[in-house]
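> pasting the sequence and the predicted model now:
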Amino acid sequence: MSKRKTANPSRKRNAISGDELKPDSALQVDQSKDETGARALARKLLQPSFKSAVTASTIAKKALGDDMELPGIGDYIHCVQTAAKAAEKGDLSMASRMLASQAIALDSLFGELARRAALNLGDYPDASERYGRLALRAQGNCRTTLEALSKLHQPREQTVRHVHVNEGGQAVVADHFHNHAGGAANVETNKQSLATGAAGSGPPMLGKDAQGNGVPIPFGEGTEAVPDARRDESRRA
C-alpha cells in the first residue's frame with residue numbers, strides 16, 4: 001500500500017522590529033476656549049478610555065517585560081476608543097470575545113485550584129478546604145460568565161399588553177411579543193381577562209326613569225332603630 005503525504009507548510013510570522021513598531025507615546029489633549037490647560041488634562045485623565053488604556057499597558061508590560069518595545073499610551077487609547085465606539089453602534093463582538101476569554105480563564109483557574117485541593121487532601125485538610133472553596137468560587141464565576149454570554153446572543157423579547165373593551169363592557173387582553181433581534185415575527189395570543197363574569201352583568205342601579213319620575217320611596221314606614229348586634233344577655237338561662 002502506498003502512503004500519501006499531505007504537505008502542511010508551517011506558517012511563518014515575522015516579529016515587528018523596533019523601526020516598524022513606531023509607538024505613539026503622546027497624550028493628545030483637546031482644550032476648549034473656556035478651560036485652562038490643567039482642567040483639560042484632568043478631563044482627559046478621567047476619561048474611561050484613558051484609565052482602561054493605562055491598566056492594559058501596565059499588564060502588558062508586566063507580562064512581556066522590558067525585552068521588547070511595547071506600544072505607547074496613545075496606541076492603547078486608540079484601540080479602547082475604537083472598541084467603545086463600535087459597542088455604541090450595537091457591535092457586541094468585542095464583548096462576546098471578552099466574555100468567552102474570561103470564561104476560559106476562570107475554567108483554567110478552577111482546574112488549578114481543584115488540583116491543589118486534591119494534593120493537600122491527605123496531609124493538609126485545612127489547605128485543601130481553602131483551595132476547594134476557591135475552586136468552587138471560580139467555577140461559579142465561570143458559570144455566571146457563560147450565562148451572560150448566552151444572554152448576549154439570545155434575542156430579547158418585550159411583551160406589550162393591549163386591552164380592548166368591547167361593547168357591553170367586556171375587556172379582552174391581547175399580548176404582543178416584540179422580538180428585538182429581528183428573528184421572529186410578532187405573535188398575538190387570544191388570552192382574555194381572568195375576571196369572573198362579564199362587566200355590566202350586575203343589577204342596575206336605581207335612578208330617574210325616562211318620564212322624569214323620581215326614585216320610589218316606601219310610604220308609611222317611619223325610621224326604625226338599628227338592632228344591637230350583640231345578643232341579649234337576659235335570655236340566657
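Thanks, I have the structure now. Numbering: from 1, shown residues only.

> identify each buried residue in the host helix or strand of Glu147, please.
Per DSSP states H and E, Glu147 falls inside helix 125-153. Residues of helix 125-153 classed as buried: 128, 131-132, 134-135, 138-139, 141-142, 145-146, 149 (neighbour count, 16 or more other Cβ atoms under 10 Å). Where you see a C-beta, it was placed from the backbone N, CA and C, and this is true even at glycine.

> now that helix: average pLDDT?
Mean pLDDT, computed over helix 125-153, is 96.

> ok, now stretch 57-73?
pLDDT averaged over stretch 57-73 gives 89.

> correct me, but Ala86 touches Met94?
Yes: if you go by Cβ atoms under 8 Å, Ala86 and Met94 touch, sitting 6.5 Å apart.

> sec struct for the closest residue to Lys61 other than its chain neighbours, please.
Distances taken as Cβ to Cβ, 6 or more residues apart in numbering put Leu70 closest to Lys61, at 6.1 Å, once the chain neighbours are dropped. Following DSSP: H, G, I helix; E, B strand; the rest coil, we place Leu70 in the coil state.

> next up, the contacts around Leu70.
The contact partners of Leu70, taken as Cβ atoms under 8 Å, 6 or more residues apart in numbering, are 23, 57, 60-61, 64.

> again, only this time at 10 Å
21, 23, 25, 57, 60-61, 63-64, 76 (Cβ atoms under 10 Å, 6 or more residues apart in numbering).

> try Ile104
Contacts of Ile104 (Cβ under 10 Å, 6+ apart): 142, 145.

> double-check Ala118 against Ser128; I have them as touching.
Yes: if you go by Cβ atoms under 10 Å, Ala118 and Ser128 touch, sitting 7.5 Å apart.

> mutual contacts of those two, please.
By Cβ under 10 Å, 6+ apart, no residue touches both Ala118 and Ser128.
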